[in-house]
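**Q** Give me a model of this one.
(chains A and B)
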Amino acid sequence: MAATPSSPPAPTTGAPRAVVVGGNRIPFARAGGPYARVSNLDMLTAALDGLVARFGLQDEVLGEVVAGAVLKHSRDFNLTREAVLGSPLSARTPAYDLQQACATGLEAVVSIANKIRLGQVESGVAGGVDSASDVPIAVSEGLRRTLLTLSRARTVPQRLKAAAALRPGDLKPATPRTDEPRTGLSMGEHQAFTTAQWGISRQAQDEIAFASHQRLAAAYEAGFFDDLVTPYRGLVRDQNLRADTSLEKLGKLKPVFGTRLDTPATMTAGNSTPLTDGASTVLLASEGWAQARGLTPLAAVVDAETAAVDFVHGEDGLLMAPVYAVPRLLARQGLGLGDLDYVEIHEAFASTVLTTLAAWEDKEFCLSRLGLDDALGTVDRERLNVHGSSLAAGHPFAATGGRIVASVAKTLHRRRAELLAAGEDRPVRALVSVCAAGGLGVAAILEAV
Amino acid sequence: MTAVESPARGAGAGGAAGGGGAAGGGSAGRRVLALAESPGLGGLYARAGLASGRAAVGGPVRRALGGVPGIPAGPGDEGPRAAPALPPVEHRLGGVVPDPARLTAYQHLVGEPASDVLPAGFVHVLAFPVGIALIVRPDFPMPPLGIVHLANRVEQRSPLRVGDALDIRAWAEDLRPHRKGAQVELVAEVRRAGAPADGPAAWRGVSTYLAPGVRVPGAVPEEVARPEFEAPVPTGRWAFDAGAGRRYAAVSGDANPIHLHPLTARALGFPRAIAHGMLTAARALADVGARRGESYDWDVEFASPVLLPSTPVVRVAPAGDRAWSVTAWDAKRRRPHLTAEVRARA
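**A** Alright, predicted model coming up:
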């Protein structure tokens, strides 16, 4: 790409750029749907298989495969390596598991991109998978302790004593909870407080949800996902997508979060993401590696920033960490919101997008909390989540980052080609922002190649 | 329990750093009663039941419970003793070594990390029987079973750790009228064994108790109008199931029947079992977490009991430099359970 005055400073050491070559995911299914009987390992392997097929990676030794799952069985301690061994990739491709809640997929992309830029690997796959259907069920603490004591007991009286400690209530299984361990509140409840604090209206949230469905449906109609999604278990599109939804239909849904606050409850099943099953993968490489295989780089991973907020001591809302990560990232790159052609803000809830935008438009907040000289600014809604996001596609926690990065890389590459065809040679950039449990947030900038 | 009584030696138990008031340990002519072992609280409650029966002069024990915040006071409560005064005694128990397994169970129960530093609430658990043994003395001017924990102040001046042997002292002071009866402060101090007896304690706790219906000399303070409670935006929620009282009783040794089971609680005038105040206070401290440092002040005021099971909502908020407030309340009834403040010590 030709350098222009507005492009970020090129690495001085001639470090290789890390580029997104493409991606593959399976359609996302609603919990209890067509993927109810398949496991995280099954879905991650399926997504990886499709990627291998799409880019001719059979028997290839890649630098690394990095993926993860948020709700994970203890038997899946080496989930990603097992997926590699079950895939057509060479068994000599290393792998490791990574977990950063809903930011797992994006963090996996950043990790591999950094290794490529350091020259430690030439290629890699970032991925993520989650099943809300095939979740691990643990035994109760009482039964677990009894079993552990039993396994350590050596004599019959010791075993009897250990077994006698069991209570009927101990036989009740413990299903995994997505509540914040430190506060006891669900993510929806936390976001309901943030929504109320920022005074986000029901109408505005429903409009975000409506746009998400409209845009995702249009993208499917236009064939945008033809080289990004491989059908699986009879599903060809994301199952949660409602092409026929309307503001009227969304407006009829009953609020489910924040129903005990003084302010009217606004968060519904329509403007919150549903529990979903699915997996995604992204192929990253150095430009040289891609060229040697005749593959077209789509976009470079320019930079990334992670942030965390203190929601435990009442300083910030649980999902507000990207609000902090993005200004730091933009400042480091010498960019403003206006320099971005596309902005992807993960729709954990419609109100997460809206509270994020509201915070960046609020001068007082930007001065006092973000340490800026002025409000960060406004995101042009026409550049926001242009092909729909998690409200329509669904959100299998660790799979969301890969879904977004593959889609946005393709979008960037197409846009740059259009501009070049029209004689306009300038950088085309996208911002990706994903909030996560634990008050975490990851943001990354990609630039079209 | 075996004990040796002797005249008090050593001053300064009242605390060099601002607490304690006039009645410093030993310095107010208190006799020292050296306990040979930690009093078992089960036995204390059995004795307490007997003592309360005596004190209530044939009246139901529940009468003594009137005046629990949130529980309507019964009419006609009357002081059981004439010219009540605190026994001039200080209890001491030396060489207490905390059991790491019990510490772990406590830390897991209240949400503290299983660190080797004793949470201030765990030190309270160690000191509690030494103080309660005062209340069940026949010469203590309050019936033990109806008393209500109003407030608790703890100064954790320097950290106590696993392996430390601890010397515990407890006495009662500041008996005075309350508009619902009489209130008293149970003071406990904990030092590392071998630390100078007249030096500052590593841990100092003051528990304020109300004995409803008990009359003591002095002017009854006027009721201070509290502003109506306005529920803030929560930051969390506590989940106390029906067995929370039994579990805290198991790790703390405080098996007061009002905490154990709906039936035993009902016999004492409560609709359901109630959570130990110090369990809720310990949850508040744990929510503030490690940012408090190893030395801190931890003040709690109890407003209304937490009936079990229940899920109070909580707000933790910054309250100045390295200080936090914690409010827990009943979301449905919009009634506060407790307010706490935790301040890191310089």
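**Q** tell me which element A:Arg215 falls in.
**A** helix A:202-221 (DSSP states H and E).
**Q** cool, and B:Val125?
**A** For B:Val125, the host element (DSSP H and E) is helix B:120-135.
**Q** Would you mark the buried spots in the helix holding A:Arg215?
**A** Of all the residues in helix A:202-221, those buried under the rule 16 or more other C-beta atoms under 10 Å in any protein chain shown are A:202, A:204-217, A:219-220. (Glycine included, C-beta is placed from N, CA and C.)
**Q** Can I get the helix holding B:Val125 in PDB, CA atoms only?
**A** This file holds the C-alpha atoms of helix B:120-135, laid out as PDB (Å, rounded to 0.1, in the frame of the first residue of the first chain):
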ATOM      1  CA  ALA B 120     -10.400  -8.500  60.600                       C
ATOM      2  CA  GLY B 121     -13.700 -10.400  60.800                       C
ATOM      3  CA  PHE B 122     -11.900 -13.600  61.500                       C
ATOM      4  CA  VAL B 123     -10.100 -11.900  64.400                       C
ATOM      5  CA  HIS B 124     -13.500 -10.900  65.700                       C
ATOM      6  CA  VAL B 125     -14.600 -14.500  65.600                       C
ATOM      7  CA  LEU B 126     -11.600 -15.400  67.700                       C
ATOM      8  CA  ALA B 127     -12.200 -12.600  70.200                       C
ATOM      9  CA  PHE B 128     -16.000 -13.000  70.300                       C
ATOM     10  CA  PRO B 129     -16.300 -15.800  72.900                       C
ATOM     11  CA  VAL B 130     -14.000 -13.900  75.300                       C
ATOM     12  CA  GLY B 131     -16.300 -11.000  75.200                       C
ATOM     13  CA  ILE B 132     -19.500 -12.900  75.300                       C
ATOM     14  CA  ALA B 133     -18.300 -14.800  78.400                       C
ATOM     15  CA  LEU B 134     -18.700 -11.400  80.100                       C
ATOM     16  CA  ILE B 135     -22.300 -11.000  79.100                       C
END
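**Q** helix or strand right after that helix?
**A** The first helix or strand that comes after helix B:120-135 along the chain, using DSSP H and E, is strand B:148-156.
**Q** list the helices and strands whatever helix or strand comes next after that next one packs on?
**A** Once the chain leaves strand B:148-156, the next helix or strand it forms, by DSSP H and E, is strand B:166-178. In terms of contacts (3 or more C-beta pairs under 8 Å, 6 or more residues apart in numbering or on different chains; DSSP states H and E), strand B:166-178 is packed against strand B:89-96, helix B:120-135, strand B:181-192.
**Q** so what's B:Phe140 up against?
**A** Residues near B:Phe140 by C-beta atoms under 8 Å, 6 or more residues apart in numbering or on different chains: B:86-87, B:134, B:172.
**Q** List buried residues within these.
**A** For the contacts of B:Phe140, a burial check counting by 16+ other C-beta under 10 Å picks out B:86-87, B:134, B:172.
**Q** For the chain, which residues score under the pLDDT cut-off?
**A** In the absence of a named chain, this looks at chain A. Counting by pLDDT under 70, chain A shows low-confidence ranges at A:1-13, A:175-178.
**Q** oops, I was thinking of chain B
**A** Applying pLDDT under 70 to chain B picks out residues B:1-28, B:41-44, B:46-83.
**Q** Show me where it has its helices.
**A** With DSSP state H, the ranges of helices along chain B come out as B:41-55, B:100-110, B:120-135, B:244-252, B:262-267, B:277-288.
**Q** same deal with chain A?
**A** Using DSSP H, the helices of chain A run over residues A:40-55, A:79-85, A:104-118, A:141-152, A:156-164, A:187-198, A:202-221, A:247-251, A:287-292, A:321-333, A:350-361, A:363-368, A:390-393, A:400-421.
**Q** who wins for proximity to chain B among these?
**A** If you check each of the helices of chain A against chain B by C-beta to the nearest C-beta, helix A:187-198 wins as the nearest, at 5.1 Å.
**Q** elements contacting the closest one?
**A** In terms of contacts (3+ C-beta pairs under 8 Å, 6+ apart), helix A:187-198 is packed against strand A:255-257, strand A:267-268, helix A:350-361.
**Q** Residues of the stretch 301-449 of chain A that sit close to chain B?
**A** For the stretch 301-449 of chain A, the contact set with chain B under C-beta under 8 Å from any C-beta of the partner chain comprises A:311-315.
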